[in-house]
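**Q** Structure for this input, please:
(one chain, ligands or ions: 1)
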Amino acid sequence: MKKVLRIFIIAVLVLFVVAQFFQPEKNRIEMDDDHLFKQADVPENMQTLLTNACLDCHSNQTNYLWYHYVSPVSWVINNHIVEGKEHLNLSEWGQMDVFDKIGTLDEMIEEVEKGEMPLKEYVLLHPKAKLDEAEVEVLRNWTEKLSEELIANAE
Ligand code: HEC
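**A** Coordinates of the predicted model:
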């Protein structure tokens with residue numbers, strides 16, 4: 001029995017080591033001109049808030065931490081990023097039309113107010129991503145202001 005257990009543990013360790021050679025492509029494309037920060041007037045405090053809480057999954061630039069390089073964590077993280085970007089990619093802000101932008105801003109604050117975003121498991125490991133009431137208020141004011149500007153400029 002002991003021998004079986006030993007073989008099992010060795011097999012798991014070997015698998016773990018081999019898995020390290022299989023890594024997803026990293027989400028680290030250079031920030032291009034379509035990025036929200038280059039397309040819209042985003043004050044510094046908002047840039048910090050979005051970078052800390054949203055952009056790891058909703059842009060082409062993820063700030064990876066050391067354990068994000070370890071399989072299978074790297075695959076779980078990659079799933080979040082791929083899925084997050086499918087729904088919302090703020091690196092492609094410049095490619096959206098006015099209606100998409102206004103709709104997106106609305107959805108962003110809605111998801112945060114419902115407590116759906118940022119994802120809970122992300123907040124557990126990224127304390128800076130936790131938004132308190134004051135920060136949610138700042139986010140709401142900014143989304144409303146930018147929406148109004150977009151409407152005014154469209155007329
Ligand atoms: C850890 C990754 C992650 C972080 C961080 C994150 N999101 Fe998401 N987001 C996702 C994923 C995955 C989805 C798609 C699945 C879902 O809705 O749960 C998504 C979906 C969304 C959607 C679309 C919802 C829909 O119904 O189509 C919006 C809007 C959104 N996120 C906004 C935000 C905002 C704003 C922040 C920051 C405050 C944020 N997210 C932080 C991963 C993330």
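
**Q** which residue sits closest to the most centrally placed residue in the chain, ignoring its sequence neighbours?
**A** Residue closest to the mean C-alpha point of the chain, counted by CA atoms, centre = their mean, is Cys57 at 1.9 Å. In this structure, Cys57 finds its nearest non-sequential neighbour in Gly84, 3.2 Å apart by CB to CB, 6 or more residues apart in numbering. Any C-beta I mention is one placed from the backbone N, CA and C, and that applies to glycine too.

**Q** what about that neighbour, which SS state?
**A** Following DSSP: H, G, I helix; E, B strand; the rest coil, we place Gly84 in the helix state.

**Q** about what we covered before: show me the contacts for the residue nearest to the centre of the chain.
**A** Contact analysis of Cys57 by CB atoms under 8 Å, 6 or more residues apart in numbering lists His80, Ile81, Glu83, Gly84, Lys85, Pro118, Leu119, Tyr122.

**Q** what's in contact with whatever helix or strand the first one lives in?
**A** Which is His80. His80 is part of helix 73-87, with elements assigned from DSSP states H and E. For helix 73-87, the surrounding residues in contact (CB under 8 Å, 6+ apart) are 23-25, 27, 56-60, 62, 64, 67-68, 119, 122.

**Q** Can you say which of these are buried?
**A** Asn27, Asp56, Cys57, His58, Ser59, Asn60, Thr62, His68, Tyr122 (16 or more other CB atoms under 10 Å).

**Q** Intersect those residues with the contacts of the ligand.
**A** Asp56, Cys57, His58, Tyr122 (CB under 6 Å from any ligand atom).
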